[in-house]
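>>> please find the sequence and the predicted model below.
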Amino acid sequence: MSEVIVITSGKGGVGKTTTTANVGTGLAQLNKKVVLIDTDIGLRNLDVVMGLENRIVYNLVDVIEGNCRMKQALIKDKRYPNLSLLPSAQTRDKSAVSPEQMIKLIEELREEFDYILLDCPAGIEQGFKNAIAGADRALVVTTPEVSAIRDADRIIGLLCAHEVKQTELIVNRLRMDMVKRGDMMNINDVTDILAIDLIGAVPDDEQIVISTNQGEPLVGSDCLAGKAFENICHRILGEEVPFLDLEIKSSVWGKLKEIFKKN
Amino acid sequence: MGLMDLFKRKSSGDIAKDRLKLVLVSDRANCSPDVMEMIKNDIIQVISKYMEIDAEGLDIQITQTESEGNNGNVPALYANIPIKDMKHPNASR
């Protein structure tokens, strides 16, 4: 049985594409057959984050318009034999595709892949409607900021109205130092407000920027963000994994500073 | 929590949480500013029958309030209506 998962957020810049790249790569590392679809037509990005930008020949719109076969448009990731990418079109806009066409395209991919991940564009218009049309499950990405959480709440309402059965939350870009001194909402605050199940919390990590620069997803690597994404993949497969302790082990100097701050 | 925290104001994380809770209540209630304005005008009309009120100073908003059962907070329509005069000029009693 294949599962279609849309990664969405409402607000832009909270980490949808990074999450799609890392979760997709992580699932492929766990020996699942995975295809990533960039549904952000006109603002193609998943290809650069994955480091596959030089291998695009055909794209999503070409497949839908019948300019090529599905096989010709899918880019196989040479690092992970189980992982493919269907890139978006850069010179078209969201109206080039309809929700019905997306559903048909996904049905075709279901036969070959275990997991179909859709990277949703920001916003709640046509592009969003296209991306969620064929989805069984949604991962809503947010950051602990008022704007991102407000938009996530709206998205959760819309997913519910469109009958996406399973909706889970990823809290991205947590800064534990700020949470500790009360200057950032913590994970419980966010899940309290949005009232959906948490599937992962990802710390703000310099390594994310570095890995994106290099076009290599960091899932499974030794840093905290890499571990967090790996855990999300296991939870997608239905395994129970305890949540990471995101606390940064502070140095002696850090501890001293803390003591002085307290008094 | 340290000693200094006793003198400090509320942390910005808590402020964010409280503000969000309020804004989401009205977002979820799906009350557009237009609808709120209509409710406000109707309230002015009704109350004005019985007393003289300050229509300019009238303020209504959707907030949260502790419910009497044990199902936590529920949305509530809060109205602050300043009264100019308890006796309406046209009241005939």
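Nice, thanks for sending it over.
>>> hmm, A:Phe229 is touching A:Gly200, no?
Yes. Taking contacts as C-beta atoms under 8 Å, A:Phe229 lies within contact range of A:Gly200: 7.4 Å. Just so you know, the C-beta spots here come from the backbone N, C-alpha and C atoms, and that holds for glycine as well.
>>> mean pLDDT per helix and strand in chain B: which one sits at the bottom?
Of all helical and strand segments in chain B, the minimum by mean pLDDT, DSSP states H and E falls on strand B:59-66, at a mean of 76.
>>> can you name the residues that contact A:Phe128?
A:8, A:120-121, A:155, A:158 (C-beta atoms under 8 Å, 6 or more residues apart in numbering or on different chains).
>>> that older thread, shared neighbours, A:Phe229 and A:Gly200?
Here A:Phe229 and A:Gly200 share no contacting residue, scored by C-beta under 8 Å, 6+ apart.
>>> pretty sure A:Asn231 sits against A:Leu244.
Yes. Assessed by C-beta under 8 Å, A:Asn231 is found in contact with A:Leu244 at 6.5 Å.
>>> in chain B, which residue sits closest to chain A?
Nearest residue of chain B to chain A (C-beta to the nearest C-beta) works out as B:Ser11 at 3.0 Å.
>>> contacting residues around that residue?
A:181-183.
>>> which ones among these also lie next to chain B?
A:181-183 (C-beta under 8 Å from any C-beta of the partner chain).
>>> out of the contacts of A:Phe128, who has the most neighbours?
A:Thr8 (32 neighbours; other C-beta atoms under 10 Å in any protein chain shown).
>>> so what's that residue closest to, chain neighbours aside?
A:Cys120 (3.9 Å; C-beta to C-beta, 6 or more residues apart in numbering or on different chains).
>>> next one: phi and psi at that neighbour?
phi -90, psi 140 (degrees, to the nearest 10).
>>> isn't it right up against A:Ile37?
No. Between A:Cys120 and A:Ile37 no contact is recorded; they are 9.8 Å apart, counting by C-beta under 8 Å.
>>> okay, B:Met1: pLDDT?
Looking at B:Met1, its pLDDT is 51.
>>> where is the longest helix in chain B?
Secondary structure of chain B per DSSP state H: the longest helix is helix B:12-29.
>>> so what secondary structure elements neighbour that one?
Counting contacts by 3 or more C-beta pairs under 8 Å, 6 or more residues apart in numbering or on different chains; DSSP states H and E, helix B:12-29 packs against helix A:146-161, helix A:187-194, strand B:59-66, strand B:73-80.
>>> tell me the most buried of those?
The highest average neighbour count among the helices and strands packed on helix B:12-29, using mean count of other C-beta atoms under 10 Å in any protein chain shown, belongs to helix A:146-161 at a mean of 19.
>>> any residue of that helix touching chain B?
Yes. Residues of helix A:146-161 contacting chain B under C-beta under 8 Å from any C-beta: A:146, A:149-150, A:153-154, A:157.
>>> contacts only, for B:Ile39.
Shown in contact with B:Ile39 (C-beta under 8 Å, 6+ apart): B:60, B:77.
>>> what about residue 21, neighbour count?
Just going to use chain A. 32.
>>> to clarify, I was referring to chain B.
Counted by other C-beta under 10 Å, the residues lying close to B:Lys21 total 15.
>>> distance of it from A:Val219?
Distance of B:Lys21 to A:Val219, given as C-beta to C-beta, to the nearest Å: 34 Å.
>>> what of A:Thr143?
19 Å.
>>> one more: A:Ala135?
Separation of A:Ala135 from A:Val219 (C-beta to C-beta): 21 Å.
>>> residue of the stretch 151-263 of chain A nearest chain B, please.
Per C-beta to the nearest C-beta, A:Gly182 is where the stretch 151-263 of chain A lies closest to chain B, at 3.0 Å.
>>> doesn't A:Val179 make contact with A:Asn186?
Yes. Between A:Asn186 and A:Val179 there is a contact under C-beta under 8 Å: 4.8 Å.
>>> which neighbours do those two share?
A:144, B:13.
>>> on that earlier part again, neighbour-wise, which of A:Asn231 and A:Leu244 wins?
A:Asn231 (21 against 16).
>>> report the contact partners of the more buried one.
Neighbour list for A:Asn231: A:200, A:241, A:243-244 [criterion: C-beta under 8 Å, 6+ apart].
>>> from A:Arg173, how far out is the residue nearest the centre of chain B?
In chain B, the residue lying closest to the centroid (C-alpha atoms, centre = their mean) is B:Tyr78, at 3.0 Å. Here the distance between B:Tyr78 and A:Arg173 works out to 35 Å (C-beta to C-beta).
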